[in-house]
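Trainee: Generate a structure from the sequence data that follows.
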Amino acid sequence: MLLLLPMLQDLELRGISMTQGETEYLTESPVASIRSLILSTGYLRTESNQCQLGLQLRLFSLFAAIQSLKLDIYYDTECVCLECRPEQVQENGFVYWCTDDYYEDLFQIHPVNKLPVKIEKLDVSEQIGDTVIAILLKMVPQLPTVNDLTSLSFKCRYPEVSRYSADILRACGPRLRECVIEMDADEYTAVVFLEGTGGPSEWRFLSKALAECTNLTTLKLTGEVEICWSDADMLLVAIFMVLLADAHLSSIQHLTIQLGFWWRLVPDADRTLMENRVRDGVDWEEFRRILRQCIALKGLTVLGYVFNYTACRLFCNEFSRIVKEELAEWVERKELRVEF
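Mentor: Down below sits the predicted model:
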């Protein structure tokens, strides 16, 4: 089919039905190069005795090059080739979905180091199943073409994901130019990241790996903030600060911080309380110190959105006002854009 579409540039596959037939998992002679591929397998249909992971890897092997690969609503991929199944492993208070032995066995059956496709941009930031996101992130550094990856977008839900994402960052190193990190962190995760036993060493795999991306020019940090009138209200911002503190700041030209505000409970809106929460919850002096190290900075963007609560909108307005006051140095240089 691909041979009949030599001018194909963009391809989106949703809910496709794949069968193995009598061919091997990987195609030795890829037949096409395309600009973008969006693969959604939320309703993937395969026969019960066929390996979804193997079939999807074979799909990737059809292409010599994919400029931009996005996996959208890509729920858990089963490998029926192994006798054992992914299982939860408890360690340092965290749940891991697969052990290293599982991955070793998995990639012996599915030799991703022979996958020929070149991928320049990889986006796995959508609603991806816990097992498959770990498999994908573990897989990418083993690709023979990992050096071609220049743009990476991913979501951190667990320390395990942070570790595997760090492996990709280190594998790309100076070649990575653009990175988008979404921190899907609740109050517990944020506290553990900063203070919990075993937590910082796990999550900071990611921040340390950012330091090896010495030519990173575009960095976007995004996440949601749950306002519950506790010390954890601004912890997500503190997480961003930890990531930035370890990053190779001198190469960054465009830095974006995007926050979504929502309310667990809606109290009476108190402007003074809101201001104190933002003033005290963010280490603004540290933030300014970090930004001054971004000597190549051309644009700093702080974005925000709310989830339909009046009090949340008021909080967002206060946050916007305080950002402009605390970062007045970048406002004067016309480098700061704040949109809420």
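Trainee: end to end, how far does stretch 293-300 reach?
Mentor: Criterion CA to CA, to the nearest Å; first-to-last residue distance in stretch 293-300 is 13 Å.
Trainee: List the buried residues for that stretch?
Mentor: Across stretch 293-300, burial judged by 16 or more other CB atoms under 10 Å covers Cys294, Leu297, Leu300. For glycine as for every other residue, the C-beta is placed from the backbone atoms N, C-alpha and C.
Trainee: And stretch 107-123, by the same measure?
Mentor: His110, Val112, Leu115, Pro116, Val117, Lys118, Ile119, Glu120, Lys121, Leu122, Asp123.
Trainee: Please identify the one among these that lies nearest to Lys138.
Mentor: Nearest to Lys138 out of these is Val112 (CB to CB; 9.2 Å).
Trainee: worst-scoring helix or strand of the protein, pLDDT-wise?
Mentor: Lowest mean confidence among the helices and strands of the chain (mean pLDDT, DSSP states H and E): strand 94-96, at a mean of 47.
Trainee: Name the surrounding residues that touch stretch 320-327.
Mentor: 275, 278-279, 282, 284, 287-288, 291, 300, 302, 304, 331, 336, 338, 340 (CB atoms under 8 Å, 6 or more residues apart in numbering).
Trainee: how much space is there between the closest residue to Leu149 other than its chain neighbours and Thr217?
Mentor: With CB to CB, 6 or more residues apart in numbering as the criterion, Leu149 has its nearest non-adjacent residue at 5.2 Å, and that residue is Cys172. For Cys172, the distance to Thr217 equals 13 Å [CB to CB, to the nearest Å].
Trainee: Next: Gln108.
Mentor: Distance check for Gln108 against Thr217: by CB to CB, it reads 38 Å.
Trainee: re earlier: can you name the element that comes right after the helix or strand where the residue nearest to Leu149 lies?
Mentor: Following DSSP states H and E, one finds Cys172 within helix 159-172. Scanning forward in sequence from helix 159-172 by DSSP H and E, the next helix or strand is strand 178-183.
Trainee: What mean pLDDT does that next one get?
Mentor: The average pLDDT for strand 178-183 rounds to 91.
Trainee: Strand partners (parallel or antiparallel) of that strand?
Mentor: Sheet pairing for strand 178-183, assigned by DSSP bridges, gives strand 151-156 (parallel), strand 218-227 (parallel).
Trainee: who touches it?
Mentor: 121, 123, 125, 150-156, 165, 169, 206, 210, 213, 216-223, 236, 239-240, 243.
Trainee: and the direction of it versus that of helix 159-172, what angle?
Mentor: 170 degrees (axes from the mean of the first three to the mean of the last three CA atoms, to 10 degrees).
Trainee: For this protein, which segments count as strands?
Mentor: 10-14, 32-40, 63-71, 89-91, 94-96, 118-124, 151-156, 178-183, 218-227, 254-263, 299-306, 336-339 (DSSP state E).
Trainee: Between those, which has the poorest mean confidence score?
Mentor: strand 94-96 (a mean of 47).
Trainee: Return the set of buried residues in the lengthiest helix in the chain.
Mentor: As assigned by DSSP state H, the longest helix anywhere in the chain is helix 310-326. Neighbour-count burial for helix 310-326 flags Ala311, Cys312, Arg313, Phe315, Cys316, Glu318, Phe319, Ser320, Ile322, Val323, Glu326 (criterion: 16+ other CB under 10 Å).
Trainee: between the residues you listed, which is nearest Arg271?
Mentor: Glu318 (6.6 Å).
Trainee: what about the closest one, distance to Gly281?
Mentor: For Glu318, the distance to Gly281 - CB to CB - is 12 Å.
Trainee: What of Gln67?
Mentor: 40 Å.
Trainee: again with Glu329
Mentor: 21 Å.
Trainee: Equivalent analysis for Glu326, please.
Mentor: As for Glu326, its distance to Gly281 is 12 Å (criterion: CB to CB).
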